[in-house]
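build the 3D model from these lines:
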Amino acid sequence: MTGLAEVAFGLLLGFSLAAPPGPMNALIAARATRSYSAGFLTACGALTADAVLGALVFGLESLVDLRPLIAYVYVSGAVTMSVMGYLLLRERTTPGERPAPKLGTYTQSLGVGLSNPFQIVWWLTAGVAFAYVGGAWLFAGLFGAIAIWIVIFPWAIHRGSRRYPSVRPWIGAAAAALMFGFAIYFAAEATISFRGW
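You can find the predicted model right below:
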């Protein structure tokens, strides 16, 4: 595979990780209704989580079989999503209120990303598989796509919520509901995984 083909493939791969609806995009959307910077910092936390997970998977994959840990990943994800759903319900603010501190916004999203079973399982499956297909150019494309997404997605949500302010509370409520929904789903997956042992 040529360098250009690897970059193009990596871009498609990156969008497959970043764009689908999930806990991180719900959190980004909820924060972006308050301010673009809050949405962007939340997205930066997700990007950092992907970088950390990618490094861990490639560093440990040859030394340790990580698959037996998936059940615990689901438990961690269920707890984290429950906490974030609760925090999102508390955070639902009126347009004039100040956003959360920037460091807290970033670290909360980093924590969600590092305990998000979708991201972890993606890296343990597709991420590892594609590591053998391409090299550095593929991963340059992958993280390039994620970088594009974390700029454009919060911007679009923020602009849309400024134009139609009545949707803000609905986005926040939907994000919280999604978090609780994912918490239930991850708890069910954990139960299934433990029963399979």
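
what strand or helix carries residue 147?
Using DSSP states H and E, the element containing residue 147 is helix 136-163.

buried ones in that helix?
137-143, 145-146, 149-150, 153-154, 157-158, 161 (16 or more other Cβ atoms under 10 Å). C-beta coordinates here come from the backbone N, C-alpha and C atoms, glycine included.

now the protein, which segments are flagged as low pLDDT?
Within the chain, the stretches with pLDDT under 70 are 1-2, 58, 60-67, 91-103, 125-135, 196-197.

which residues are in contact with the nearest residue to residue 160 once chain neighbours are set aside?
For residue 160, ignoring the flanking residues on the chain, the nearest one in space by Cβ to Cβ, 6 or more residues apart in numbering is residue 167 at 7.1 Å. Counting by Cβ atoms under 8 Å, 6 or more residues apart in numbering, residue 167 touches 33, 160, 161.

which residues does residue 117 contact?
Contacts of residue 117 (Cβ under 8 Å, 6+ apart): 70, 73, 74, 76, 77, 186, 189.

of all these, which two lie farthest apart?
76 and 189 (11.6 Å; Cβ to Cβ).

gap between residue 33 and residue 39?
From residue 33 over to residue 39 the distance is 8 Å, taken as Cβ to Cβ, to the nearest Å.

next, show the common contact partners of these two.
With Cβ under 8 Å, 6+ apart as the test, residue 33 and residue 39 both reach 157, 158.

the helices in this structure, which residues?
3-18, 23-32, 36-60, 70-91, 102-114, 117-122, 128-133, 136-163, 168-195 (DSSP state H).

so which of the ones you listed is the most surrounded?
helix 23-32 (a mean of 26; mean count of other Cβ atoms under 10 Å).

in terms of secondary structure, what does it contact?
helix 36-60, helix 70-91, helix 102-114, helix 136-163, helix 168-195 (3 or more Cβ pairs under 8 Å, 6 or more residues apart in numbering; DSSP states H and E).

any chance of those in CSV, plus distance to residue 13?
Output for the helices and strands packed on helix 23-32, formatted as CSV (distance: least, Cβ to Cβ, whole Å):
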stretch, distance to residue 13
helix 36-60, 11
helix 70-91, 21
helix 102-114, 17
helix 136-163, 5
helix 168-195, 23
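
with respect to residue 14, which of the ones you listed lies nearest?
Nearest of the helices and strands packed on helix 23-32 (Cβ to Cβ): helix 136-163, 2.6 Å.

so the closest one versus helix 36-60, what angle?
160 degrees (axes from the mean of the first three to the mean of the last three Cα atoms, to 10 degrees).

thanks a lot, catch you later.
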